[in-house]
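Engineer: Predicted structure and sequence below. I'll ask about it afterward.
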Amino acid sequence: MEQSQRKIHEAQSQGQQVSDDIQQLQLLQQKAMNNETLNGFFKAQEEFSKVMEKANQIITRELFS
């Protein structure tokens, strides 16, 4: 998905037509969201990001207090 997004972005920046690519990316995104394993991964990734943000806040507070 990331590769497709980059390809679309590059094509758009060069003024190329990307409507077919966008439709393919949307289909791929729908399939990914319906995949239970990927959904679990995305949720775990989001939770991990929250934990890391809290850890960074604590570290920053301790370093600059």
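Structural biologist: Okay, I see it.
Engineer: Report the rounded mean pLDDT for the top helix by length along the chain.
Structural biologist: Under DSSP state H, the helix in the chain containing the largest number of residues is helix 36-63. Taken as a whole, helix 36-63 has an average pLDDT of 96.
Engineer: how is the chain carved up into domains?
Structural biologist: Per automatic domain parsing, the structural domains of the chain span 1-34, 36-65.
Engineer: Redo the ones you listed as CSV? Include mean neighbour count.
Structural biologist: C-beta: built from backbone N, CA, C; applies to glycine. As requested, the domains of the chain are exported to CSV (neighbours: other C-beta atoms under 10 Å):
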stretch, mean neighbour count
domain 1-34, 12
domain 36-65, 10
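Engineer: returning to that earlier point: how far does the longest helix of the chain sit from the chain's center?
Structural biologist: 14 Å (C-alpha atoms, centre = their mean, to the nearest Å).
Engineer: Same question for stretch 49-65.
Structural biologist: The answer for stretch 49-65 is 23 Å, by C-alpha atoms, centre = their mean.
Engineer: Using CSV, write out the CA atom coordinates for that stretch.
Structural biologist: This file holds the C-alpha atoms of stretch 49-65, laid out as CSV (Å, rounded to 0.1, in the frame of the first residue of the first chain):
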residue,chain,number,x,y,z
SER,A,49,2.7,4.4,19.4
LYS,A,50,0.6,5.6,22.4
VAL,A,51,2.9,3.8,24.8
MET,A,52,6.0,5.2,23.1
GLU,A,53,4.5,8.7,23.2
LYS,A,54,3.9,8.4,27.0
ALA,A,55,7.4,7.0,27.5
ASN,A,56,8.9,10.0,25.5
GLN,A,57,6.9,12.4,27.6
ILE,A,58,8.2,10.9,30.8
ILE,A,59,11.8,10.9,29.6
THR,A,60,11.5,14.5,28.4
ARG,A,61,10.0,15.6,31.7
GLU,A,62,12.7,13.9,33.7
LEU,A,63,15.5,15.3,31.5
PHE,A,64,14.3,18.9,31.6
SER,A,65,13.0,19.1,35.2
